[in-house]
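Visitor: heads up, no residue letters with this:
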């Protein structure tokens, strides 16, 4: 009896392992469409909340990006901690990023990896724990539930180095910052072109505990939880 029960448990374990992970048919259309992202004009919105209560940053605007000629222009309006800081003009061309006329030398790759407004995130199938598909008015929507801490260094850089300080983090420990509840939605039109994209996740910043002689601080008491939601609609 025990042997039969053990065999049943093993069989169920193997079945669960076989069924785990995302269906490739729900991954491939997205990777093919979004990884070949070329020219795009899109409107977007970004909301960042502290502890699910306080709105830290609210932003919206329009971006025009051309991967082929390597050019990007945009207009972004931001509200920080309830204060509207106005509309800024951004432009990248020939290795220079301009923000309201202020120039900074950045490669195309550096610009893309440091501006959450710039490019949709696409996770490899190994990083997607499950996926689903549904039909909407705009087209076919693919929802990917991503494993925690996938592309965490990229997510960290996209949020910018200033965000932890704005959220009250004294000295962030980047390597110990965690990302969880990562969900991406990709909408493809009838021709299979990008029509919409969104990503939401929670980042848990690890702050550096204050030094107190003879006291071993509990690091878990020095974490700050921030919720992020970004949405874009593409004009094909």
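Guide: Cool, the structure landed. Here the structure is a predicted model, which is why all the values come from computation and not from measurement.

Visitor: need the three-state assignment for residue 212.
Guide: Residue 212 falls in the coil class when you classify it by DSSP: H, G, I helix; E, B strand; the rest coil.

Visitor: contacts only, for it.
Guide: Listed by CB atoms under 8 Å, 6 or more residues apart in numbering, residue 212 has no contact partners. Bear in mind the C-beta positions are built from the backbone N, C-alpha and C, glycine included.

Visitor: pLDDT below threshold where in the chain?
Guide: Where the chain drops to pLDDT under 70, the residues are 1-21, 36-38, 236.

Visitor: try 80
Guide: 1-22, 35-39, 52-53, 112-119, 211-218, 236 (pLDDT under 80).

Visitor: now the strands for it?
Guide: Ranges of strands within the chain are 39-50, 54-66, 71-80, 83-93, 96-99, 102-105, 128-135, 140-146, 178-188, 194-206, 223-235, based on DSSP state E.

Visitor: what packs against the fourth one?
Guide: What it means is strand 83-93. strand 71-80, strand 96-99 (3 or more CB pairs under 8 Å, 6 or more residues apart in numbering; DSSP states H and E).

Visitor: go through these and name the closest to residue 225.
Guide: With CB to CB, the closest approach to residue 225 among the helices and strands packed on strand 83-93 belongs to strand 71-80: 18.8 Å.

Visitor: ok, which of the helices and strands packed on strand 83-93 comes nearest residue 138?
Guide: Residue 138 lies closest to strand 71-80 among the helices and strands packed on strand 83-93, at 22.1 Å (CB to CB).

Visitor: the closest one vs strand 54-66, what angle?
Guide: 170 degrees (axes from the mean of the first three to the mean of the last three CA atoms, to 10 degrees).

Visitor: in the chain, which residue is most central in space?
Guide: residue 199 (5.1 Å; CA atoms, centre = their mean).

Visitor: ok, it touching residue 186?
Guide: No. Using CB atoms under 8 Å, residue 199 makes no contact with residue 186, being 9.6 Å away.

Visitor: joint contacts of those two?
Guide: Common neighbours of residue 199 and residue 186 are listed as residue 120 (criterion: CB under 8 Å, 6+ apart).

Visitor: picking up where we left off before, using JSON lines, lay out the strands of the chain together with distance to residue 32.
Guide: Below are the strands of the chain laid out as JSON lines (distance: least, CB to CB, whole Å):
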{"stretch": "strand 39-50", "distance to residue 32": "16"}
{"stretch": "strand 54-66", "distance to residue 32": "19"}
{"stretch": "strand 71-80", "distance to residue 32": "23"}
{"stretch": "strand 83-93", "distance to residue 32": "26"}
{"stretch": "strand 96-99", "distance to residue 32": "29"}
{"stretch": "strand 102-105", "distance to residue 32": "33"}
{"stretch": "strand 128-135", "distance to residue 32": "15"}
{"stretch": "strand 140-146", "distance to residue 32": "11"}
{"stretch": "strand 178-188", "distance to residue 32": "10"}
{"stretch": "strand 194-206", "distance to residue 32": "11"}
{"stretch": "strand 223-235", "distance to residue 32": "16"}
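
Visitor: among the ones you listed, which comes closest to residue 122?
Guide: Closest approach to residue 122 among the strands of the chain (CB to CB): strand 178-188, 7.8 Å.

Visitor: tell me the buried residues in the closest one?
Guide: 179, 182, 184-188 (16 or more other CB atoms under 10 Å).
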